[in-house]
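K.L.:
here are the coordinates; sequence isn't available:
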């Protein structure tokens with residue numbers, strides 16, 4: 001999509017009466033007015049409307065906290081009014097932020113914006129205001145600043161370039177960045193360096209711990225036991241065990257004899273029971289055989305004749321139903337009684353047969369149980385050791401002591417062998433961890449060399465791009481290495497030839513200008529729609545402001561500058577100017593203090609400016625490396641002590657007299673002044 005432009009802004013933040021104000025904006029806008037005239041309110045309104053956050057609120061560099069933003073409202077919103085900021089774009093869209101109070105609480109702000117507008121969050125700056133991100137990076141640690149700078153200038157880096165640059169280390173690069181496919185190549189490269197460094201430090205820590213264990217074991221273990229000594233101790237334990245078991249058997253020989261005699265007695269009784277039961281079983285079997293043989297066809301015939309005679313008697317028949325003779329009823333009755341007696345005898349025999357069968361089964365079960373006991377006692381006799389009268393004189397206590405001594409010796413040898421194994425493992429682990437750590441350290445160095453080469457290739461073109469957005473005669477520079485070490489310094493070059501050096505102690509106006517130019521160069525590399533460059537107000541002088549405005553005409557982003565002074569009219573071409581000087585309320589002038597009357601006493605004259613010591617009066621030649629770092633720290637401490645002793649204002653005037661080229665803004669803190677003065681006294685440059 002084409003880059004939209006801001007047409008106007010409306011807001012009631014910082015309004016004296018809560019009423020809104022509207023201003024037309026251009027692609028390049030200068031807001032001029034005295035302090036308190038509302039310059040920052042316009043910039044904060046644009047920031048709030050687009051990103052939902054604003055700079056320089058309640059001491060915060062940037063904040064989206066509704067409670068803090070409510071401090072920008074009239075009476076802090078306690079009058080119940082809505083505080084808002086609205087930006088109209090030239091494509092017909094708009095961005096609006098607003099909120100109000102609900103009693104003692106601030107409502108969640110409503111932020112209306114197009115879908116392509118990315119708001120500011122607590123974890124990520126809005127990309128539409130790149131100055132926030134760049135400022136955070138430049139004021140952070142040098143290591144992080146260098147990494148982010150690498151990510152900026154190498155954003156177009158591809159995997160093929162990384163592979164060609166790493167060569168044989170590319171496989172390790174892939175291992176270290178496994179699972180990081182969502183990162184761009186330059187971020188994966190820096191991630192691999194961090195991972196390799198952390199892994200190497202972790203391995204060295206583990207190696208140190210293992211070395212301590214190794215040293216402890218070396219002080220505790222004695223001579224390493226030989227394998228033959230351990231085997232001999234095992235044989236001695238086995239022999240002592242056999243002797244002790246034999247002694248125990250000998251000590252129990254008397255008990256074995258008594259048990260053997262008891263078993264023989266039990267076996268004799270059981271065998272007698274066996275013979276008795278065998279005889280009873282034979283008798284029962286013979287009786288049963290006799291009973292089974294007595295049951296014949298005659299018995300079955302008698303049962304049939306009895307049934308026939310009872311049938312004839314039931315019919316009062318005179319003839320015999322068996323032979324059909326007319327024998328008469330009396331004869332039939334006598335025959336029926338005869339056959340009834342025969343059937344009763346057969347039933348008695350059947351009962352005796354069943355009883356004999358049950359008795360035989362019982363005798364057989366008893367016989368089986370007796371035989372099982374006999375077999376069990378015989379097995380126990382067979383398992384008992386043979387009695388040896390010669391073993392009765394062996395001492396169990398002696399064999400037990402001998403076994404304990406042999407076992408103790410074997411345990412001591414095994415413990416020593418185990419300690420030596422642990423010691424050897426610790427030694428091996430120390431060596432392995434050191435070797436692996438060296439591998440990661442070597443990769444880290446190789447990858448850092450690749451990063452340095454990439455930076456060397458990209459830095460020159462990036463610096464040239466930044467310089468193209470700076471006023472005439474300003475040359476931007478960056479140092480990413482210092483005497484072979486990773487570093488990150490940025491500033492402006494001064495001097496010529498051998499005296500040329502990188503001035504890093506920039507004035508506030510220079511720092512803001514350079515930072516904006518860096519944002520412009522970065523946006524050229526990774527363009528985003530609606531990028532706004534709106535720095536904080538930093539006491540411009542008219543000439544510098546005009547030159548910066550002239551240079552910023554080449555910037556593609558929207559620029560909002562605020563100033564208390566108006567530059568010459570020649571510099572205003574191409575800029576939209578919002579002049580708040582006419583609307584500003586004049587400040588009341590305090591009457592001049594009356595001078596004390598001369599009482600005639602002699603006036604004592606004192607020197608208001610103490611002299612700078614020699615070490616703070618001479619500027620060193622441009623240099624770099626550790627020597628320069630030591631000098632810088634020493635001078636910064638001396639300047640800080642000078643400020644403590646004489647005060648910041650006296651130190652500021654003393655340095656201005658001794659070093660006219662040192663430019664430090666009046667609002668600079670004591671620490672920042674000491675750092676800027678030390679950087680000036682030991683400039684960075686080639687050795």
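P.N.:
Okay, I see it. No experiment lies behind these values; they were computed from the predicted model shown.
K.L.:
ok now do residue 463, which residues does it touch?
P.N.:
By Cβ atoms under 8 Å, 6 or more residues apart in numbering, the residues touching residue 463 are 475, 476, 477, 478. Bear in mind the C-beta positions are built from the backbone N, C-alpha and C, glycine included.
K.L.:
secondary structure element for it?
P.N.:
Assigned by DSSP states H and E, residue 463 belongs to helix 396-467.
K.L.:
Over to residue 492?
P.N.:
Using DSSP H and E, residue 492 falls in strand 485-494.
K.L.:
cool, and residue 170?
P.N.:
Using DSSP H and E, residue 170 sits in helix 170-176.
K.L.:
how about that helix: buried residues?
P.N.:
172, 173, 176 (16 or more other Cβ atoms under 10 Å).
K.L.:
And stretch 258-268, by the same measure?
P.N.:
Across stretch 258-268, burial judged by 16+ other Cβ under 10 Å covers 263, 267.
K.L.:
what about that stretch, average pLDDT?
P.N.:
Mean per-residue pLDDT for stretch 258-268: 78.
K.L.:
And for it, what's in contact with it?
P.N.:
373, 374, 377, 378, 380, 381, 384.
K.L.:
Show me how far it is from its chain's centre.
P.N.:
Remark: stretch 258-268 is offset 77 Å from the chain centroid, using Cα atoms, centre = their mean, to the nearest Å.
K.L.:
Stretch 120-127 now?
P.N.:
Once both centres are worked out by Cα atoms, centre = their mean, stretch 120-127 turns out to sit 24 Å from its chain's centre.
K.L.:
can you give me the mean pLDDT across it?
P.N.:
Average pLDDT, stretch 120-127: 87.
K.L.:
okay, now the closest residue to residue 310 other than its chain neighbours: neighbour count?
P.N.:
The spatially closest residue to residue 310, leaving aside those adjacent along the chain, is residue 336, at 6.1 Å (Cβ to Cβ, 6 or more residues apart in numbering). Number of residues near residue 336 (other Cβ atoms under 10 Å) recorded here: 19.
K.L.:
State the mean pLDDT of the helix or strand harbouring residue 336.
P.N.:
Residue 336 is located in helix 329-383, with elements delineated by DSSP H and E. Mean pLDDT, computed over helix 329-383, is 80.
K.L.:
Point out the other helices and strands that that helix packs with.
P.N.:
Applying 3 or more Cβ pairs under 8 Å, 6 or more residues apart in numbering; DSSP states H and E, we find helix 329-383 packed against helix 253-294, helix 297-314.
K.L.:
so who does the residue nearest to residue 281 when sequence neighbours are not counted touch?
P.N.:
What sits nearest to residue 281 in space, not counting adjacent residues and going by Cβ to Cβ, 6+ apart, is residue 363, at 4.6 Å. The contact partners of residue 363, taken as Cβ under 8 Å, 6+ apart, are 277, 280, 281, 284.
K.L.:
10 Å instead, please
P.N.:
Shown in contact with residue 363 (Cβ atoms under 10 Å, 6 or more residues apart in numbering): 276, 277, 278, 279, 280, 281, 282, 283, 284, 285.
K.L.:
same check, this time on residue 24
P.N.:
For residue 24, the contact set (Cβ under 10 Å, 6+ apart) comprises 6, 7, 8, 9, 88, 576, 578.
K.L.:
Ok, residue 86 next?
P.N.:
By Cβ under 10 Å, 6+ apart, the contact set of residue 86 is 8-12, 20, 22, 45-46, 48-49, 94-98, 112.
K.L.:
mind running it again at 6 Å?
P.N.:
By Cβ atoms under 6 Å, 6 or more residues apart in numbering, the residues touching residue 86 are 10, 49, 96.
K.L.:
any idea how far it is from residue 96?
P.N.:
In this view, residue 86 and residue 96 are 4 Å apart by Cβ to Cβ, to the nearest Å.
K.L.:
Can you check which residues contact both of these two?
P.N.:
When contacts are counted by Cβ under 6 Å, 6+ apart, residue 86 and residue 96 have residue 49 as shared neighbours.
K.L.:
domain ranges for the chain?
P.N.:
Using automatic domain parsing, the domain parsing of the chain gives 1-128+528-587, 142-220+426-446, 252-393, 614-681.
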